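A.B. asks: Provide a 3D model corresponding to the input given below.
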Amino acid sequence: MRNARIVPAALCLIAAMGLTMASQAAVEKTDFGTTADGQRVELYTLTNNNGLQARISTFGAVLVSLKAPDRAGRLANIVLGFDNAEAYEQSNSYYGATIGRYANRIAAGHFTLDGQSYQLPINSGLNTLHGGIKGFHKHLWTAERLLKDSVKLTYVSADGEEGFPGALTLTVIYRLRQDNALSIRYEATTTKPTVINFTNHSYFNLSGNPETPITGETLSINADTYTAVDGNLIPTGEIKPVAGTPFDFRSATVIGARLGAADAQMNITKGYDLNWVLNKPTAGTMTAAAVLSDPVSGRVLLVHTEEPGLQFYSGNIMTSGGPKHPIGLCLETQHFPDSPNHANFPTTVLRPGETFHSETVLLFRTQ
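C.D. replies: Sure, this is the predicted structure:
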């Protein structure tokens, strides 16, 4: 698998954000409960000099909360989550989770690599979703504080875990930067050829109120095409243009404006739940992926990534007041769904001796 090149993102926005030195950057560790088998879970709180705060759990390498200011400087949590590790262990929501070994879907849980066939457990309809029955988000990770702004989490997935070949070592570094950006960096190695796809599965609600539907927020996605899916939400292999479809977010569009659009793909996904093919001049470079904004609070989220794709999921089952009122949305930077079964998609194969690197940056400002 290609080793992504790390490129600084969106530094030109620092001056526009009007940052102030309001507090001292720090990384604090506290208890977050215990797992069902009695293992202690830790919670790491990152705070930058401007008061922006991210909390990360060693259970699932979960982004538990992310507090960002509105246009008046008031901080509020803008991701959905729970208050303790026990709730995350019992939930199937994927709130804030680090997803692996393979994010998104693999058709029928099957792929062939170097002539050998592999069968994964089925956990979503006819397919394998987000790593299988017990993906990386259901395991305890080890953590290490780095400097005053970062925490490094490590998980070693055994050879054969959830049917995947090779012992895989994955590290994820959360860094809360002084330009009000949260960087998420992935690094992975393997003992056997395997397939990988990692993402963060946070549900965003920029209003800061988890009861407020996200349908009034606006979104733009830097993509001219998307990967079409069949009735099982598996890519057909065809890459289609967004032009003339409800999936055209090349300019800022209110999320709720086209949720009920008459479209064959929308009828399958029951809302937005597709992979957009990001516009990239060079594969693996850090580029803009999406901009999400809330007109009421003034909060703006800019997503930059080295990944080739972005799964926009409009939280179709996360609702308040009915299916047309989702309360959280996901912007999952990723390789494409079911890539091991599509030769025309960017490869997700990682081999011994290689190191996979990738970074996604979430940058916050107000308008």
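A.B. asks: and the strands in the stretch 1-150 of the chain?
C.D. replies: 26-34, 40-47, 53-57, 62-69, 75-77, 98-99, 105-106, 110-113, 116-119, 128-129, 142-146, 150-157 (DSSP state E, counting those that start in this stretch).
A.B. asks: how big is the angle separating the next helix or strand after the last one from strand 26-34?
C.D. replies: Spelled out, that is strand 150-157. Counting by DSSP states H and E, the next helix or strand C-terminal to strand 150-157 is strand 168-176. On the basis of axes from the mean of the first three to the mean of the last three Cα atoms, to 10 degrees, strand 168-176 is oriented at 130 degrees to strand 26-34.
A.B. asks: and the strands of the stretch 1-150 of the chain as TSV, adding mean pLDDT and mean neighbour count?
C.D. replies: Glycine gets a C-beta too; all of them are placed from N, C-alpha and C. TSV is the format used below for these (pLDDT from 0 to 100; neighbours: other Cβ atoms under 10 Å):
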stretch	mean pLDDT	mean neighbour count
strand 26-34	96	15
strand 40-47	98	20
strand 53-57	98	25
strand 62-69	98	24
strand 75-77	97	16
strand 98-99	98	26
strand 105-106	98	25
strand 110-113	98	16
strand 116-119	98	12
strand 128-129	98	25
strand 142-146	95	15
strand 150-157	98	20
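A.B. asks: closest to T269 out of the ones you listed?
C.D. replies: strand 105-106 (12.2 Å; Cβ to Cβ).
A.B. asks: list of residues touching the closest one?
C.D. replies: Contact with strand 105-106 is made by L120, S124, N127, T128, L129, L233, I234, P337, D338, P340, N341, as judged by Cβ atoms under 8 Å, 6 or more residues apart in numbering.
A.B. asks: OK, contacts around the residue most central in space within the chain?
C.D. replies: By Cα atoms, centre = their mean, the chain has its centre lying nearest to N200, at 2.7 Å. Neighbouring residues of N200 by Cβ under 8 Å, 6+ apart: L63, G96, A97, T98, I99, I184, E332, T333, T360.
A.B. asks: show me which of those is closest to V172.
C.D. replies: The closest of the contacts of N200, once distances to V172 are taken by Cβ to Cβ, is T98, at 5.6 Å.
A.B. asks: report the beta-bridge partners for the closest one.
C.D. replies: Note on T98: beta-bridge partners by DSSP bridges are N200.
A.B. asks: report the contact partners of it.
C.D. replies: Taking Cβ under 8 Å, 6+ apart, one finds G60, A61, V62, F136, H137, W141, L153, V172, F198, T199, N200, H201 in contact with T98.
A.B. asks: rebuild those residues as CSV, extending it with distance to E307.
C.D. replies: Listed next are the contacts of T98 as CSV, based on distance: Cβ to Cβ, whole Å:
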residue, distance to E307
G60, 20
A61, 17
V62, 20
F136, 17
H137, 18
W141, 21
L153, 19
V172, 14
F198, 9
T199, 8
N200, 11
H201, 14
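A.B. asks: as CSV, the contacts of N200 with distance to I221 would be great.
C.D. replies: CSV is the format used below for these (distance: Cβ to Cβ, whole Å):
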residue, distance to I221
L63, 21
G96, 21
A97, 22
T98, 22
I99, 20
I184, 19
E332, 12
T333, 11
T360, 14
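A.B. asks: next, format the strands of the stretch 1-150 of the chain as a markdown table and append distance to G328.
C.D. replies: Formatted as a markdown table, the strands of the stretch 1-150 of the chain follow (distance: least, Cβ to Cβ, whole Å):
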| stretch | distance to G328 |
| --- | --- |
| strand 26-34 | 21 |
| strand 40-47 | 21 |
| strand 53-57 | 17 |
| strand 62-69 | 12 |
| strand 75-77 | 12 |
| strand 98-99 | 16 |
| strand 105-106 | 20 |
| strand 110-113 | 30 |
| strand 116-119 | 33 |
| strand 128-129 | 18 |
| strand 142-146 | 26 |
| strand 150-157 | 23 |
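A.B. asks: among those, which is nearest G244?
C.D. replies: Between those, strand 105-106 lies closest to G244; by Cβ to Cβ that is 26.1 Å.
A.B. asks: give me the sheet partners of the closest one and which way each runs.
C.D. replies: In the sheet, strand 105-106 lines up with strand 128-129 (antiparallel) (DSSP bridges).
A.B. asks: next one: the strand it pairs with to chain centre, how far?
C.D. replies: 16 Å (Cα atoms, centre = their mean, to the nearest Å).
A.B. asks: ok, stretch 97-111 next?
C.D. replies: Using Cα atoms, centre = their mean, the offset of stretch 97-111 from its chain centre is 13 Å.
A.B. asks: do stretch 146-158 as well
C.D. replies: 17 Å.
A.B. asks: again, but for stretch 106-113
C.D. replies: On Cα atoms, centre = their mean, the centre of stretch 106-113 falls 22 Å from that of its chain.
A.B. asks: how about stretch 222-233?
C.D. replies: The answer for stretch 222-233 is 17 Å, by Cα atoms, centre = their mean.
A.B. asks: quick check: the residue lying farthest from the centre of the chain vs P193, distance?
C.D. replies: Residue farthest from the centre of the chain, counting by Cα atoms, centre = their mean, is G115 at 31.0 Å. From G115 across to P193, the span is 11 Å (Cβ to Cβ, to the nearest Å).
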